[in-house]
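here is a sequence together with a model predicted from it:
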Amino acid sequence: MKAMFHIVLVLLGAVSSAVESCSPTDRAALLDFKAALHEPYLGIFNSWMGDDCCHDWYGVTCDPQTYRVADIDLRGESEDPFFQSNKRTGYMTGTISPEICKLTCLSSLTMADWKGITGEIPPCITRLPGLRILDLIGNRISGRIPAGMGRLRRLTVLNLADNQITGRIPPSLTNLSSLMHLDLRNNKICGPIPRDFGRLRMLSRALLSGNRISGTIPCSISEIYRLADLDLSMNQISGTIPPSLGKMAVLANLNLDCNKITGPIPASLISSGVSNLNLSRNGLDGEIPDVFGPRSYFTALDLSHNKLRGPIPSSISSASFIGHLDLSYNHLCGRIPSGSPFDHLEASQFTNNDCLCGKPLHKVCN
């Protein structure tokens, strides 16, 4: 009887151990994923051994109920003690294998800042229904953003910055109703921003700078109630600035630097809640709107390298705060106001205008 009881306990232990270890199909997919990558210095894949990928495989996390792989978090720059002890950042080459798509319960995939990963984003990644985070920043990934990206309705973070991605922003991207953070900076993306970009109602950050994006700024962007940070700088965007951007409830940072934008500065932007406003290196014309007031709080206001004319508005002295102001390289005229914020500014912030005078310039007003 005791022998039988002992056998039952052993069997139960074996069953429990099998249940609490990772899925064999997930383990096989991870090993195939690893086989397409080469990390020569840190040895982060050295722990990917044994039958149980849910325990002690570096960067792999499993769902505690199902023991299916839920997260892959591999970062080439990290404060993890593993990196501190090696006293270096990571470098990895290879490609992201389509075998990753066999991890059908994957919730997040982070392969960030490895500098050498090439190839394309596997199109099959758009068939992972539970994917919430896709972070591939800081590699050499090329090709297009998969056309079916909009199928990932649970995606909250899409970070493809600092790669070599080409092609257009796929129209399906605006189907990502849960997306909160979009970072496509420093790629080779071309074409226009989708006109219905405003469908991304949960978006709080849209960072698209350093690409080859053309066309105009969609008016629908102003429908994104939660948007706090919009960076479209260093592109080829043309047309005018939609005045509705100045009526957005939480927009705090707006960077349109180095584009081909023309027309006047909307008065709504000056009297809005935007605190970091960079409109430099465009073709903006007309006068600076004379609508500054107590609501005008700018940590930085850069209007340099445009075609602005007329005087510096007198109402600017009523702004509650202006930390940095740059009006250089325009066609402004008249006396530079005295007092705050002008008492701490330098001549370089007013230089190369038509006929500005007064401190901090050395030109005396008549």
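Looks like it came in fine.

so how many other residues sit close to D343?
Burial of D343 is recorded as 10 neighbouring residues (other Cβ atoms under 10 Å). Quick note: C-beta positions are derived from backbone N, CA and C, even for glycine.

to clarify, my last question referred to L361.
Other residues near L361 come to 17 when the count uses other Cβ under 10 Å.

and it, that one's in a helix?
No. L361 sits outside any helix when classified using DSSP: H, G, I helix; E, B strand; the rest coil, being coil.

quick one: it from H331, how far?
15 Å (Cβ to Cβ, to the nearest Å).

in the stretch 51-200 of the chain, which spans are strands?
Read by DSSP state E, counting those that start in this stretch, the stretch 51-200 of the chain holds these strands, from start to end of the chain: 60-62, 69-75, 92-95, 108-112, 115-118, 133-135, 157-159, 181-183, 190-192.

what packs against the fourth one?
Put plainly, it is strand 108-112. strand 69-75, strand 133-135 (3 or more Cβ pairs under 8 Å, 6 or more residues apart in numbering; DSSP states H and E).

may I see the strands of the stretch 51-200 of the chain arranged in CSV, with mean neighbour count as well?
Listed next are the strands of the stretch 51-200 of the chain as CSV, based on neighbours: other Cβ atoms under 10 Å:
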stretch, mean neighbour count
strand 60-62, 19
strand 69-75, 20
strand 92-95, 17
strand 108-112, 21
strand 115-118, 18
strand 133-135, 20
strand 157-159, 20
strand 181-183, 20
strand 190-192, 15
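
for those, could you give me CSV that also reports distance to S340 and mean pLDDT?
Shown next, in CSV, are the strands of the stretch 51-200 of the chain (distance: least, Cβ to Cβ, whole Å; pLDDT from 0 to 100):
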stretch, distance to S340, mean pLDDT
strand 60-62, 52, 97
strand 69-75, 44, 97
strand 92-95, 51, 97
strand 108-112, 42, 98
strand 115-118, 45, 97
strand 133-135, 42, 98
strand 157-159, 39, 98
strand 181-183, 36, 98
strand 190-192, 41, 98
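
output the below-cut-off pLDDT ranges for this structure.
Residues of the chain that meet the criterion pLDDT under 70 lie in 1-20, 81-87.

all helices for the stretch 1-150 of the chain, in order.
With helices called from DSSP state H, counting those that start in this stretch, the stretch 1-150 of the chain shows them at 2-19, 24-35, 81-86.

how much does the second one deviate in direction from strand 108-112?
Calculated by axes from the mean of the first three to the mean of the last three Cα atoms, to 10 degrees, helix 24-35 forms an angle of 10 degrees with strand 108-112.

and the angle from helix 24-35 to strand 69-75?
Helix 24-35 and strand 69-75 are oriented at 20 degrees to each other (the same axes, to 10 degrees).

dump helix 24-35 to PDB, restricted to CA.
Extracted C-alpha coordinates of helix 24-35, given in PDB (Å, rounded to 0.1, in the frame of the first residue of the first chain):
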ATOM      1  CA  PRO A  24       7.100  22.600 -25.800                       C
ATOM      2  CA  THR A  25       5.900  24.500 -28.900                       C
ATOM      3  CA  ASP A  26       6.800  27.800 -27.200                       C
ATOM      4  CA  ARG A  27      10.200  26.500 -26.300                       C
ATOM      5  CA  ALA A  28      10.900  25.400 -29.800                       C
ATOM      6  CA  ALA A  29       9.800  28.800 -31.200                       C
ATOM      7  CA  LEU A  30      12.100  30.600 -28.800                       C
ATOM      8  CA  LEU A  31      15.100  28.400 -29.800                       C
ATOM      9  CA  ASP A  32      14.300  29.000 -33.500                       C
ATOM     10  CA  PHE A  33      14.000  32.800 -32.700                       C
ATOM     11  CA  LYS A  34      17.400  32.600 -30.900                       C
ATOM     12  CA  ALA A  35      19.000  30.700 -33.800                       C
END
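
contacts for it, please.
The set of residues that contact helix 24-35 without belonging to it, under Cβ atoms under 8 Å, 6 or more residues apart in numbering, is 45, 48, 51, 53, 57, 60, 62, 68-69, 96-97, 99-100, 102-103, 105.

if any of those are buried, put those into a PyMOL selection.
In PyMOL, the members of the contacts of helix 24-35 classed as buried (16 or more other Cβ atoms under 10 Å) are selected with the following command:
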select buried, resi 45+48+53+57+60+62+68+69+96+97+99+100+102+103+105
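
biggest separation within the contacts of helix 24-35, which pair?
For these, the maximum inter-member distance is 24.4 Å, found between D51 and I96 (Cβ to Cβ).

got a list of what the closest residue to A29 other than its chain neighbours touches?
Leaving out its chain neighbours, the residue that sits closest to A29 by Cβ to Cβ, 6 or more residues apart in numbering is K102, at 3.9 Å. Under the criterion of Cβ under 8 Å, 6+ apart, the contact list for K102 reads 25-26, 28-29, 32.

counting neighbours, what do you get for C258?
The burial metric for C258, expressed as a neighbour count using other Cβ under 10 Å, is 19.

before we move on, what about A147?
For A147, the number of neighbouring residues by other Cβ under 10 Å comes to 15.

go on, S318?
For S318, the count of nearby residues is 13 (other Cβ under 10 Å).

touching, it and Y297? I think so.
No. Using Cβ atoms under 8 Å, S318 makes no contact with Y297, being 11.6 Å away.

geometric centre of this protein: which residue is closest?
Within the chain, the residue whose C-alpha comes closest to the C-alpha centroid is D183; the distance, by Cα atoms, centre = their mean, is 2.4 Å.

which strand residues bridge that residue?
In this structure, D183 bridges to N159, L207 when assessed by DSSP bridges.

pretty sure it is touching R205, no?
Yes. Checked against Cβ under 8 Å, the pair D183 and R205 is within contact range at 7.1 Å.
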